[in-house]
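Undergrad: this one's sequence-less:
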C-alpha cells in the first residue's frame, strides 16, 4: 500500500483501514451512487476501497486528476467553497481531517458539506478523542504514527462541541449519532441531512 498520509508511521496503513471500515459501517445500506471524501490525501485509500458508482476526493495536496475512476481535485476546504452543485452527494466523508481545520472555519466547511449532500444523504466524521491527544503525540515521537500529521492538529474537541458545530451548520439533532472506535482513541459522527 502507498503512503496513506504525509510523513511516516508504522501504524498509518492499519489506522486508515480501520477508519475506512468504520466509515463503510456508518454509511451502511445507503444508496451508493455518488460520494465525496474531504481530505482524501494523495493516496485516496477509502475511495479506492469503497463501492460507490461515482467517487470524488478533495485535498490541498492533490493535482486535479482522475485515478482509477476517482475524480480528485486540489482544494483547501477551509478557503474555498466545494466546487459541486447543491444536493449532489449521497455521502460525504471527512476521515481524520476535522481536527486539522481551524475552529473558526468549521461553520463554513460544515455548511458546504450540508449544501452538497442530497436529502437523506449522510456525512461521516472520524476524529481523535480529546483524551487521546497526549498519547498520539507520544506515538508520533516513536514513529508509530505520522508526526507531520499529528503536529498539524488544530484542536481536539469533545463530542458535545462537535455536535454543536453540526447543529449550527443546519443538521438536525435527531439525525446526528456518534460514538467511539479504535479502543476509544477515535470518535465518529454520522449526520443525515
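TA: Yes, it's here. All values derive from a computational prediction rather than experimental measurement.

Undergrad: okay, CA-based contacts and neighbour counts for the rest of this
TA: OK.

Undergrad: what helix or strand does the most centrally placed residue in the chain sit in?
TA: Nearest to the geometric centre of the chain sits residue 94, at 1.3 Å (CA atoms, centre = their mean). For residue 94, the element it lies in under DSSP states H and E is strand 89-95.

Undergrad: and stretch 171-188, how far apart are its ends?
TA: 16 Å (CA to CA, to the nearest Å).

Undergrad: contacts for it?
TA: For stretch 171-188, contacts defined as CA atoms under 8 Å, 6 or more residues apart in numbering pick out 18, 22, 114, 124-129, 131-132, 159, 163, 167, 189-193.

Undergrad: tell me the helices and strands packed up against the biggest helix by length in the chain.
TA: Ranked by residue count under DSSP state H, the longest helix found in the chain is helix 12-27. In terms of contacts (3 or more CA pairs under 8 Å, 6 or more residues apart in numbering; DSSP states H and E), helix 12-27 is packed against helix 45-49, strand 89-95, strand 117-128.

Undergrad: relative to strand 117-128, how tilted is it?
TA: Per axes from the mean of the first three to the mean of the last three CA atoms, to 10 degrees, the angle that helix 12-27 makes with strand 117-128 is 140 degrees.

Undergrad: what mean pLDDT does helix 12-27 have?
TA: The predicted model assigns helix 12-27 a mean pLDDT of 87.

Undergrad: got the angle for whichever helix or strand comes after it vs strand 117-128?
TA: Note on helix 12-27: by DSSP H and E, the next helix or strand toward the C-terminus is strand 34-38. Inter-element angle recorded for strand 34-38 and strand 117-128: 30 degrees (by the same axes, to 10 degrees).

Undergrad: what pairs with strand 34-38, parallel or antiparallel?
TA: Partner strands and pairing direction for strand 34-38 (DSSP bridges) are strand 54-59 (parallel), strand 89-95 (parallel).

Undergrad: okay if I get the ones you listed as JSON lines plus distance to residue 48 and mean pLDDT?
TA: As requested, those are exported to JSON lines (distance: least, CA to CA, whole Å; pLDDT from 0 to 100):
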{"stretch": "strand 54-59", "distance to residue 48": "9", "mean pLDDT": "96"}
{"stretch": "strand 89-95", "distance to residue 48": "14", "mean pLDDT": "97"}
